[in-house]
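Asks: Next input, structure requested:
(chains A and B)
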Number of protein chains: 2
Amino acid sequence: MADAIRVLSMEAVHRAKSGHQGMPMGMADVATVLWTKFLRYDPKKPDWADRDRFVLSAGHGSMLLYALLHLTGFKSVSMDDIKNFRQWGASTPGHPEYGHTAGVECTTGPLGQGLATAVGMAMAERHLNARFGDDLVNHKTWVIAGDGCLMEGVSHEAISLAGRFNLNNLIVLFDDNNVTIDGWATLAETGDQLKRFAAAGWAVKSVDGHDHAKLAAVMRWAVRQDKPVMIACKTKVSRGAGALEGDKHGHGYNLFDDQIKAAREAMGWAHEPFTVPADIKKAWESAGRKGTRTRKAWEDAAKANPKYEELTAAMAGDFADNAFEALDAHIKASLESKPTDATRSCSGAALSHLVPAIPALIGGSADLTGSVNTLVKGMGTYDTADYTGRYVHYGVREFGMAAAMNGMALHGGIIPYAGTFFVFSDYSRPAIRLGALMGAKVVHVMTHDSIGVGEDGPTHQPVEHLASFRAMPGLHVFRPADMVETAECWKAALHAGGPSMLVLTRQKIPAVRTSGENLAQKGAYEVSAAQGEAVVSIFASGSEVSVAVAAQKLLEADGIATRVVSTPCWDLFDAQTPAYKASVIGDAPVKVAVEAAVSLGWEKFIGNDGVFVGMKGFGASAPADRLFKEFGITAEGVAAAAKAAVRV
Amino acid sequence: MADAIRVLSMEAVHRAKSGHQGMPMGMADVATVLWTKFLRYDPKKPDWADRDRFVLSAGHGSMLLYALLHLTGFKSVSMDDIKNFRQWGASTPGHPEYGHTAGVECTTGPLGQGLATAVGMAMAERHLNARFGDDLVNHKTWVIAGDGCLMEGVSHEAISLAGRFNLNNLIVLFDDNNVTIDGWATLAETGDQLKRFAAAGWAVKSVDGHDHAKLAAVMRWAVRQDKPVMIACKTKVSRGAGALEGDKHGHGYNLFDDQIKAAREAMGWAHEPFTVPADIKKAWESAGRKGTRTRKAWEDAAKANPKYEELTAAMAGDFADNAFEALDAHIKASLESKPTDATRSCSGAALSHLVPAIPALIGGSADLTGSVNTLVKGMGTYDTADYTGRYVHYGVREFGMAAAMNGMALHGGIIPYAGTFFVFSDYSRPAIRLGALMGAKVVHVMTHDSIGVGEDGPTHQPVEHLASFRAMPGLHVFRPADMVETAECWKAALHAGGPSMLVLTRQKIPAVRTSGENLAQKGAYEVSAAQGEAVVSIFASGSEVSVAVAAQKLLEADGIATRVVSTPCWDLFDAQTPAYKASVIGDAPVKVAVEAAVSLGWEKFIGNDGVFVGMKGFGASAPADRLFKEFGITAEGVAAAAKAAVRV
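Replies: Alright, predicted model coming up:
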């Protein structure tokens, strides 16, 4: 049965002339034991809530997963798809893609992240298990990780988190083959992985990765542990591929026709290419059918469980009818009270209305809880003694946090949000990207969003981050201007089909919104009209909207009709009608943009002859007020720049 | 003496009303023993080549470093600077900044990175030691790291690299105080750090961080080890600050007047604020003077060393007169031969001329050597048996690699370059930013720069990365279009005052440059003129310049005069004269930009009414040619878009 994986992997990679047969052939035995004896899944119902999650962290070995999905009877991967491995339109892209191929639990390829995402899945399972009980939620998360995954820094954050939260439902199968792209793994790695995982609180064992009996025994041991488990599977890369077997050149595509022929002969595999003999296919499908029976039995019992409806709604991501009632009332009240506040506090206020109303929300922070306002009273702390807690102390692990959030969202039943300083979004960026690619609904709360950070200085002051994330497809970047906009952005984020990022101030700023409904959802809108036909349009986001409104007052006092446009979310604006967009951009002869960040992208609003007031380089360490003055990002600075342009 | 650090830290933080006294007070004893008995430095000559490097990885504890610099006699930190801690213009910013304050070896604050940068410093020292001998180069790198540093994933990459390369000149003093911002460190971390470092091949010990005799003994032990050394210093945060001492609230600013008074009294410190009594100041300065004597003795001996001049030139970053001769000849030849090649191969060709001519160049890759063309024959492998090797196998550690490169550059004597896939620049981004902030001269070789990656699919295809790095201040982003431009960009990168990034294709592309000299250095230039007055200007970079030139041919054939502008480096273009910029942008009524990436920022060339041909979202898995067709990034697509705009 394992040879079926090997042959399909060899053949598909050979036909595509690219890809990796090394890992699929090396791990075929491990995968066979896992998928026939241990893994809980149903090819007929890939989204069964209580299935085990299987994450191929070493995503370049995608053929392993495609072979397994095809062999066990998932409809998503046909033999034609395997023949069209890595081709346009096939369900078998170079790396597994969540949402593209049913049965793929997570998009992988950027190394280390599958493991880190799996930690989030396991965290989600423990939480939902605590909430719904063993009968409804009780499953494992299995990970196959390679040398590269374990070299990546994020693996450290992941295994520390798993150790800290004692995720006894997480089992990592390490493809311990000592081969990477450059050659032997020891070229770059001489650490002891077993000791390393043990130091983080894991149960660890080493096993011959080609001995089915020993593999079954160690997996039986693994599922009984009360800790996360790492099993180092000693394997030979490209196992079965003649001279490449166990060789440092065995990682990727480089088999020739005659080598494949020889390998097939050595395996005694006398079938046409892309053909699996009926008896072997039957054996695989029988493993799949066993899973179908397990799922049906679970379903029959589950339907009698009083919490079944609630679980189903949670997994579907449904909101209760009144989920946003309190938030809407808060918006209404804020339109009247016009509070002056930091938008990080505004976000905290929004959360205080959302968290009690939406049980799916699980919050957290990378050791900046008090600063990022993500903790709502009464959430409880997520911890080993009680996984029902809804607040996670992720530690100083921005990347691991973002990846875990993706994992929770992929698992389902949870909408994760968590916060750190905006400048540290650089650390979590690879996971934010993967979340955007997967459409994982998570909310990144990013505070301290400009030189407004003040004394902490340029290491802590984002200037290029807004542009860098506005460039990322599939991610809503929100930079709200006050209490009302912040609440509106939270609402939009929770209704988005993928990840969102809220970019929020440390410093207090005045309210700019006194009327209107759901305006932030349009991405950009006129927040303050001109008295008469506008000569100047000022475009701004976040803390600079109030600066723009103050500049508007100065200009109007000088007889220069000026309007102000708030631009809380550029990609939502892009999605509006051309007529709406034209009306927002307007035709004032002078267009000014102000943002405490670099200019890249603002030409979209002001053209390449507009005036930009903002940052030209990194910030500095001093109180925030002083910095805004020194860098000229003030009402006076904006008014002066606008006047100069009007005079030209 | 340690109390002087404590009192200054308390007072400065109190006066600034922000910052952290917890770490400086907790680690004051460790720092005192280190800076009076072990550290090799000279306050009179902060850039002494053979000094020990001291890196405060826990950069928020900056007052520790400022106090040490002031007390030992560095001119860069006066008592006024300490009084003006975290204020505009002072040499004492919130986090230590390299280049801003003499004696600060590395900008720190983003946690974990100081440690990872220090690994690069230690690697540089081992290389230069092997090249110049013990008499000229033989020093240690000392690091103070906190709980947060060790939680960050990059710490794993750093300690694995240090273990692999057996950096016996690296000593990490871990401030083991079990306190982070959210509270006790155990809230988020229960791993065993000693076992973790030991698993990576380090020598480890634990010590009472307040017992000077024990600290001296353990440091004596540490400097004799033939491995990297980690010492867990058990300390009490805010040691000496009354109730805050050893408390989970002792991390940051929160002492009141009366608490400070009580703390001073308990220490028996009866002096005015910001006053260090003469005898204590004298003792500190005496430690500094001992360093001056050591430096002078070294200098006297070194000047007699035949390699002294060479070391001095290397540390100054001087190039030999003929360093670029071979490259210039290669450019000349390529203008004539007009080779069709992938720009990653063009980069390899440039390196084959540069590496033999510039001994400071140390190359490497994050396990993609064969794909990123960074290895030049004869470089030798950097390894424990022979540190003279000039090629580093960094393993799958993009972030650790970039941070180590920064460290090598900061150490001096080395110009590091190394490669990975462009999409994985996300992993190394935090270090690229810190390098940009510090002006560290390193070259990031980023290949596989678009959907041209092909079959590996969207996880491996950058679409937003060009925009995201063009937004980063202080970083030159080069995207050359062919062999000539690639060589010109390499030359510009090696003459830059800070970091550069070369963004290179996987796929082969035709030559576009057949004349001109050093044009890439202007950032953008007309690469192909129109026949007659241009109706269309096409702007492009990298692989799309040849697409633009092909589109130009189609348009000219239809009687539409068209010019093409290549834009290899936007920030170098920004630095040109307004007249030059206007001439390059030109006044053709139709402006088109084409780039296999998202549009953000291109309005700078084409205004907000121009035509952009490129990506609107993530890519897909298929052969590259197919992808360019499916996404419409072809000569035909560009010509059609231009024609449609001409017709309007």
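Asks: and A:H444, that one's in a helix?
Replies: No. Assessed with DSSP: H, G, I helix; E, B strand; the rest coil, A:H444 is strand; it does not lie in a helix.
Asks: Touching, it and A:G498? I think so.
Replies: No. A:H444 is not in contact with A:G498 according to C-beta atoms under 8 Å; the separation is 11.6 Å. (C-beta placed from N, C-alpha, C; glycine too.)
Asks: Looking at the two, which is more packed in?
Replies: A:H444 (28 against 18; other C-beta atoms under 10 Å in any protein chain shown).
Asks: Backbone dihedrals for the closest residue to that one other than its chain neighbours, please?
Replies: Closest residue to A:H444 apart from its sequence neighbours, by C-beta to C-beta, 6 or more residues apart in numbering or on different chains: A:M501 at 4.4 Å. Its backbone dihedrals place A:M501 at phi -130, psi 130, with angles given as degrees, to the nearest 10.
Asks: Show me what A:M501 is bridged to.
Replies: Beta-bridge pairing for A:M501 (DSSP bridges): A:H444, A:V477.
Asks: what's the pLDDT at it?
Replies: Per-residue confidence (pLDDT) for A:M501: 98.
Asks: Quick one: mean pLDDT over stretch A:301-313.
Replies: 97.
Asks: do the same with stretch A:84-95
Replies: 98.
Asks: Go through that stretch and flag the buried ones.
Replies: Residues A:84-87, A:90-95 are the ones in stretch A:84-95 that count as buried (16 or more other C-beta atoms under 10 Å in any protein chain shown).
Asks: Would you agree A:F274 falls within a helix?
Replies: No. Under three-state DSSP, A:F274 sits outside any helix and is assigned coil.
Asks: and it, how far is that from A:I82?
Replies: 7 Å (C-beta to C-beta, to the nearest Å).
Asks: before we move on, the earlier item: could you verify my assumption that the residue nearest to A:H444 touches A:I432?
Replies: Yes. Using C-beta under 8 Å, A:M501 is in contact with A:I432, at 7.2 Å.
Asks: Need the residues touching each of these two.
Replies: A:425, A:444, A:469, A:475 (C-beta atoms under 8 Å, 6 or more residues apart in numbering or on different chains).
Asks: Out of those, the closest to chain B would be?
Replies: A:F469 (7.9 Å; C-beta to the nearest C-beta).
Asks: Near that closest one, how many other residues are there?
Replies: When neighbours are defined as other C-beta under 10 Å, A:F469 has 27 of them.
Asks: can I assume it is in contact with A:I432?
Replies: Yes. With contact defined as C-beta under 8 Å, A:F469 reaches A:I432; the gap is 7.5 Å.
Asks: Now do the shared contacts for those two.
Replies: With C-beta under 8 Å, 6+ apart, A:F469 and A:I432 have common neighbours A:425, A:475, A:501.
Asks: mind putting the residues you listed in TSV, neighbour count included?
Replies: TSV is the format used below for the shared contacts of A:F469 and A:I432 (neighbours: other C-beta atoms under 10 Å in any protein chain shown):
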residue	neighbour count
A:S425	24
A:L475	21
A:M501	27
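Asks: Closest one to B:A645 out of those residues, please.
Replies: Using C-beta to C-beta, A:L475 comes nearest to B:A645 of the shared contacts of A:F469 and A:I432, at 29.7 Å.
Asks: so who does the residue lying closest to that closest one once chain neighbours are set aside touch?
Replies: Spatial nearest neighbour of A:L475, excluding adjacent residues (C-beta to C-beta, 6+ apart): A:A436 at 4.4 Å. Taking C-beta under 8 Å, 6+ apart, we find A:A436 in contact with A:472-475, A:498-499, B:618.
Asks: now with 7 Å?
Replies: A:472-475, A:498-499 (C-beta atoms under 7 Å, 6 or more residues apart in numbering or on different chains).
Asks: try A:M408
Replies: Counted by C-beta under 7 Å, 6+ apart, A:M408 has contacts A:120, A:123-124, A:362, A:414, A:416.
Asks: Just the element for it, please.
Replies: helix A:398-411 (DSSP states H and E).
Asks: Would you mind pulling the contact partners of the next helix or strand after that helix?
Replies: Tracing the chain past helix A:398-411, the next element assigned as helix or strand by DSSP H and E is strand A:415-421. Outside strand A:415-421, the residues that touch it by C-beta under 7 Å, 6+ apart are A:360-366, A:368, A:372, A:374, A:392, A:394, A:398, A:401, A:405, A:408-409, A:441-443, A:445-448, A:460, A:494.
Asks: Report pLDDT for the closest residue to A:N178 other than its chain neighbours.
Replies: Leaving aside its sequence neighbours, A:N178 sits nearest to A:A185 (C-beta to C-beta, 6+ apart; 4.7 Å). At A:A185 the predicted local distance difference test score is 91.
Asks: And A:A185, how far from A:N177?
Replies: A:A185 is 8 Å from A:N177, by C-beta to C-beta.
Asks: picking that back up, and of the contacts of A:M408, the nearest to chain B?
Replies: A:M123 (13.0 Å).
Asks: what's the neighbour count on the closest one?
Replies: Neighbours around A:M123, by other C-beta under 10 Å: 29.
Asks: Name the SS class of it, please.
Replies: helix.
Asks: The residue nearest the centre of chain A and A:S543, how far apart?
Replies: Nearest residue to the geometric centre of chain A (C-alpha atoms, centre = their mean): A:G435, 2.8 Å. Using C-beta to C-beta, A:G435 is found at 26 Å from A:S543.
Asks: Spell out whether the helix or strand that contains A:V13 and chain B are in contact.
Replies: If you go by DSSP H and E, A:V13 is part of helix A:2-16. Yes. Judged by C-beta under 7 Å from any C-beta of the partner chain, helix A:2-16 comes into contact with chain B through A:A16.
Asks: Tell me the helix or strand right after that helix.
Replies: Next along from helix A:2-16, by DSSP H and E: helix A:22-26.
Asks: quick one: contacts of the helix or strand just after that next one?
Replies: Following helix A:22-26 in sequence order, the next helix or strand is helix A:28-33 (DSSP H and E). Applying C-beta under 7 Å, 6+ apart, the contact partners of helix A:28-33 are A:1-2, A:5-6, A:64, A:68, A:173, A:209-210, A:212, A:215-216, A:219, A:233, A:239.
Asks: returning to what we had before: please name every helix or strand in contact with the helix holding A:V13.
Replies: helix A:22-26, helix A:28-33, helix A:62-72, helix A:79-83, helix A:257-267 (3 or more C-beta pairs under 7 Å, 6 or more residues apart in numbering or on different chains; DSSP states H and E).
Asks: Between these, which one is closest to B:T294.
Replies: Nearest of the helices and strands packed on helix A:2-16 (C-beta to C-beta): helix A:22-26, 53.1 Å.
Asks: just to revisit the earlier point, mark which of the shared contacts of A:M501 and A:I432 are part of helices, please.
Replies: A:425, A:469 (DSSP state H).
Asks: hmm, back to that, weed out the non-buried ones from the contacts of helix A:28-33.
Replies: The buried subset of these - by 16+ other C-beta under 10 Å - is A:1-2, A:5-6, A:64, A:68, A:173, A:209-210, A:212, A:215, A:219, A:233, A:239.
Asks: how about low-confidence regions in the stretch 151-300 of chain A?
Replies: Counting by pLDDT under 70, the stretch 151-300 of chain A contains no low-confidence residues.
Asks: All set, thanks.
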